[in-house]
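K.L.:
With the input below, show me the fold.
(2 chains)
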Amino acid sequence: MKMIPFFGLVLLFLWSCGNPSTNAEKELKHLPFMGEPMLIQNDQGGVDTLWPALPAFTLASQTGDSITQLDLAGKIRVADFFFTSCPTICPMMSAQMLRIHERFGSNDQVVLISHSIDPEHDSVSVLADYAEKLGASAPGWFFLTGDMDLIFSLADAYGSFAEKDPNAPGGFAHSGALTLADRQGRIRGVYDGTNPEEVDRLILDMERLLAEAPDYGPEAVPVGLDYAQ
Amino acid sequence: MTIKSSLLLLSLLGLFAACGPKATKDTNPLTESDIQLLEEEVMRLHDSVMPQTSEIMRYKRKFQEQAELSEDSLSAESFKNAALELEQAYHLMMDWMQAYHAPDPQSSLEAREAYLLDELNKVQEVVDAYTKALNNAHDLDSLR
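P.N.:
Residues are numbered from 1 along each chain as shown, chains lettered A, B, ... in the order given. Now for the predicted structure:
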C-alpha cells in the first residue's frame, strides 16, 4: 500500500512534465516574428507590443505597372534581391524561386517579388525578357526595378544582406537570402536561397503561414525608410 | 674522329636543337583545365567583394544624408566625396558584371586565356575600388 503514494507522485510528475511540452508543440506551429518589437505606451497606462512590418514602396514591375505595398497586402510574400547579369548565385536563387512559383503560382494568396539591385541595367524590358525566359509570370511573381536607394533600403528591411551580422535573422553569411513575410508584412523567416533543402523548409513554412489566421500575433506597423544607421 | 662519326654527332645535335624548345613547350601546354582555373579565379575575386555591396550602398545613403544635414561646408564636402566614391565603386562592379561573359568554349584556348587575363585585371580594379571606398568610409564614419 506504501507504493500507491509513490506511483501517485510519479504520475503527477509525468503529467506536469507532459503538459508544457504539449503546449510548446502548439506554439511551435507558428513561425517566429523576426526583428525587434516596439513597446508603445497606450492610453490605458499599459504597454502595447507592435511589430515592425515591411516599409511602403513604389517600384516598376516587368509588365511596366507600378507595384506598391498595397498590391501585396494580405498576401504571403517571398522576396529576393538579384540582378540579371549576376554570374554566380542569382541563377541558383532564381531556380529555387521558380520551384516556389511552380508550387504556389496559382494561389492568389501568395506573391513572389524579385528586386533588381542593378536597376540602371535591369530596365522593365530587361526584366520582362528575364521573366519570360525563366517561365515566371505576374501577378504570381513580380520582378521589380526603380530607385536604387529605395531598393537597397528594402534589402536591409528584408534582412537579405545580413553578412555583417551573424546574429541577424537567419544568421546568413552571404547575400543569397530568400525572405518570407506574412500577410501583414512581418518577417517570419530568412532562408538560404541557394540551398534546395532550405527552400524545402521555406515551402513548408509557407504552408504554415497560409493556414494561420490573418490577424494572428502582434499588430504590425510598417517601418519608415530611415537611411541613417 | 671519322667523317661518318662527325656526321652522326652533328645529326644528333641538330635533332636535340630542333626538338629542345618544342619539348619544353609540350611540358606546359595550355589546357581546358587552365582556362577553368582562370575562370574560377575571376569569379573568386568577384565573390570576395560582391557581398559588401549592401554595406557600400548603406554608407552611401548615410553620407548623402549627412552631407545634406551638415552645417559645416568642409564636412559636407567630405561626406559628398565619400558618397560619390562609394557610388562609383558600385557602378564599376555593375558595369563589369554587365560586360563580363563566360568565354565562348568554341574559341581557341589562347583567345580564352587572353580574354580571362584581361577580365582578371578588370575585376581586380573593382576589388581595389570596393576596398578603398569601404576603408575610406569606415575612417570617415569613425571620425563622427
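K.L.:
any low-confidence regions in chain A?
P.N.:
Scanning chain A for pLDDT under 70 picks out A:1-28, A:160-175, A:224-229.
K.L.:
and the residue in chain B that chain A sits nearest to, how many neighbours?
P.N.:
At 3.4 Å from chain A, B:Ser54 is the closest residue in chain B, using CB to the nearest CB. All C-beta atoms are positioned from the backbone trio N, CA, C, and that covers glycine. Per other CB atoms under 10 Å in any protein chain shown, the neighbour tally for B:Ser54 reads 20.
K.L.:
next one: the one 10 residues further on
P.N.:
B:Gln64 has 19 neighbouring residues, counting by other CB under 10 Å.
K.L.:
Quick check: the residue nearest the centre of chain B vs B:Asp104, distance?
P.N.:
Nearest to the mean C-alpha position of chain B, by CA atoms, centre = their mean, lies B:Leu120 at 2.8 Å. B:Leu120 sits 18 Å away from B:Asp104, going by CB to CB, to the nearest Å.
K.L.:
Can you name the residues of chain B sitting close to chain A?
P.N.:
B:43, B:46-47, B:50-55, B:57-58, B:60-62, B:64-66, B:91, B:94, B:97-98, B:100, B:102 (CB under 8 Å from any CB of the partner chain).
K.L.:
hmm, which of those residues are the buried ones?
P.N.:
B:43, B:46, B:50-55, B:57-58, B:60-62, B:64-66, B:94, B:97, B:100 (16 or more other CB atoms under 10 Å in any protein chain shown).
K.L.:
Kindly provide the distance from A:Ala60 to A:Cys90.
P.N.:
19 Å.
K.L.:
So between the two, which is more surrounded?
P.N.:
A:Cys90 (23 against 19).
K.L.:
With adjacent residues omitted, what lies nearest to the more buried one?
P.N.:
Among residues not flanking A:Cys90 along the chain, A:Phe82 sits closest, at 4.4 Å (CB to CB, 6 or more residues apart in numbering or on different chains).
K.L.:
isn't the one you found right up against A:Leu112?
P.N.:
No: here A:Phe82 does not reach A:Leu112: they are 11.6 Å apart, not a contact under CB atoms under 8 Å.
K.L.:
Domain-wise, how is chain B divided?
P.N.:
B:1-30, B:31-142 (automatic domain parsing).
K.L.:
Can I get these in CSV including distance to A:Val47 and mean pLDDT?
P.N.:
Shown next, in CSV, are the domains of chain B (distance: least, CB to CB, whole Å; pLDDT from 0 to 100):
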stretch, distance to A:Val47, mean pLDDT
domain B:1-30, 70, 56
domain B:31-142, 31, 94
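K.L.:
Need the winner for burial among those domains.
P.N.:
domain B:31-142 (a mean of 16; mean count of other CB atoms under 10 Å in any protein chain shown).
K.L.:
ok now that one, how far from the chain's centre?
P.N.:
Averaging C-alpha coordinates over domain B:31-142 and over its chain gives two centres that are 10 Å apart (CA atoms, centre = their mean, to the nearest Å).
K.L.:
Ends of that domain, what's the gap?
P.N.:
Its start and end residues considered, domain B:31-142 measures 49 Å (CA to CA, to the nearest Å).
K.L.:
one step back: show me the beta-bridge partners of the residue nearest to A:Cys90.
P.N.:
A:Ser116 (DSSP bridges).
K.L.:
what do you get for A:Val111?
P.N.:
Under the criterion used (DSSP bridges), A:Val111 bridges to A:Arg77.
K.L.:
Please enumerate the helices of chain A.
P.N.:
If DSSP state H is used as the criterion, the helices of chain A fall at A:3-28, A:89-104, A:124-134, A:148-157, A:196-211.
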